[in-house]
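Enquirer: With the sequence up front, the predicted model follows.
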Amino acid sequence: MSGYLPDVNVIVASVRSDHAHHASARAFLSAAHDQGRACTVPVEVLAAALRILTLPVWQEPETSESAGELLAGWIDAVDAEVVGHPPAAWHVLAEFARTLALSPRSVPDALIAASAIASRSTVVTFDRGFAGYPGLRAEVLV
């Protein structure tokens, strides 16, 4: 893998027109696609997006069926490759656990960061917290 690895928040923002960052997520992903930049997404990131899309935090939450359809359309639209985390990501994650004193809530982001490092990808996110992972290339959208 190489290219972009979108965080859950970018995927959710890009498929929900009522999300505050919808326009910037869509614009970034569209530009990346037009420039031929590869987009890979671990299946666990898609599963997290599915979960968030169905939460009652939305005025009209998605059903699991409609969320699945949105995500399938997203995969096609950005020509994303759905992947597992590379095996080397575990070693990076274990090093983060050893050196960064990960909290339970930070483990999912640490796994995304570890996967991006192991695959030489750039995380695309709205979350400035990714700056705390040594060796990670991240592009924080605003």
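Expert: That came through fine.

Enquirer: Dig out what Tyr4 forms beta bridges with.
Expert: Cys39, Thr122 (DSSP bridges).

Enquirer: separation between it and Ala25?
Expert: Distance, Tyr4 to Ala25, using Cβ to Cβ, to the nearest Å: 12 Å. C-beta: built from backbone N, CA, C; applies to glycine.

Enquirer: Which pLDDT value belongs to the residue lying closest to Pro86 once chain neighbours are set aside?
Expert: Of all residues not flanking Pro86 in the chain, Ala118 sits nearest, at 4.4 Å (Cβ to Cβ, 6 or more residues apart in numbering). pLDDT for Ala118: 97.

Enquirer: so Ala118 sits right up against Ala89, yeah?
Expert: Yes. Judged on Cβ atoms under 8 Å, Ala118 makes contact with Ala89 at a distance of 4.3 Å.

Enquirer: Enumerate every residue touching the residue sitting nearest the centre point of the chain.
Expert: Centroid-nearest residue in the chain, with Cα atoms, centre = their mean: Asp7, separated by 1.8 Å. Asp7 is in contact with 45, 109, 112, 123-127, 130, counting by Cβ atoms under 8 Å, 6 or more residues apart in numbering.

Enquirer: now, which of the residues you listed lie within strands?
Expert: 123-125 (DSSP state E).

Enquirer: can you map out the helices along the chain?
Expert: 8-15, 22-34, 43-53, 64-78, 88-100, 107-119 (DSSP state H).

Enquirer: closest one to Ala138 among these?
Expert: Closest approach to Ala138 among the helices of the chain is made by helix 107-119 (7.7 Å; Cβ to Cβ).
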